[in-house]
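S.K.: the following block contains a protein sequence and its predicted model.
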Amino acid sequence: MSEADNKPLSRRQRQIMDIVYRCEGAAVGEVVDALPDPPSYSTIRALMTVLTQKGHLKRKKQGLRYVYLPTQSRKVASRSALKRVLSTFFDGSVDKAVAALIEVSDTTLPDAEMAKLEKMIIKAGKGGR
């Protein structure tokens, strides 16, 4: 488990991380431009420094500015987040989480998605995640 896994993020920090992931790296100004109702430039810079200290971001000098990059791939970060959600809200139960996702879905699952999920469940049941 990396250092970043143990540090919870505020709503604004999660927004910043989403922008950095979506842009595959971003400078402070780019984050300010992409945020809804952004605070000041210096506030965003301070938040990105905190994210660097928490182990979520690293920075790289590019010309006269720093570009911030995630320290984990989006896939690794999303798995870590899902594990926390499972543990916090579903007592670690995958079936409870899947049932909740299906219950809150606004649409029915297309046959192709249902078949794909069925294959994944069978594969996981055989230990072949």
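M.R.: Perfect, I can see it now.
S.K.: centre-most residue in the chain?
M.R.: For the chain, the residue lying nearest the average C-alpha position, counting by C-alpha atoms, centre = their mean, turns out to be residue 78 (4.6 Å).
S.K.: phi, psi of it?
M.R.: Backbone dihedrals for residue 78, given as degrees, to the nearest 10, come out at phi -70, psi -40.
S.K.: any low-confidence regions in this structure?
M.R.: The chain contains residues with pLDDT under 70 at 1-7, 128-129.
S.K.: for whatever helix or strand residue 19 lives in, name the packing helices and strands.
M.R.: Secondary structure assignment for residue 19, by DSSP states H and E: helix 11-23. Contact partners of helix 11-23 among helices and strands, from 3 or more C-beta pairs under 8 Å, 6 or more residues apart in numbering; DSSP states H and E: helix 28-34, helix 41-53, strand 65-70, helix 74-89. Glycine gets a C-beta too; all of them are placed from N, C-alpha and C.
S.K.: can I get the ones you listed in TSV including distance to residue 13?
M.R.: Putting the helices and strands packed on helix 11-23 into TSV (distance: least, C-beta to C-beta, whole Å) gives the following:
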stretch	distance to residue 13
helix 28-34	11
helix 41-53	6
strand 65-70	12
helix 74-89	13
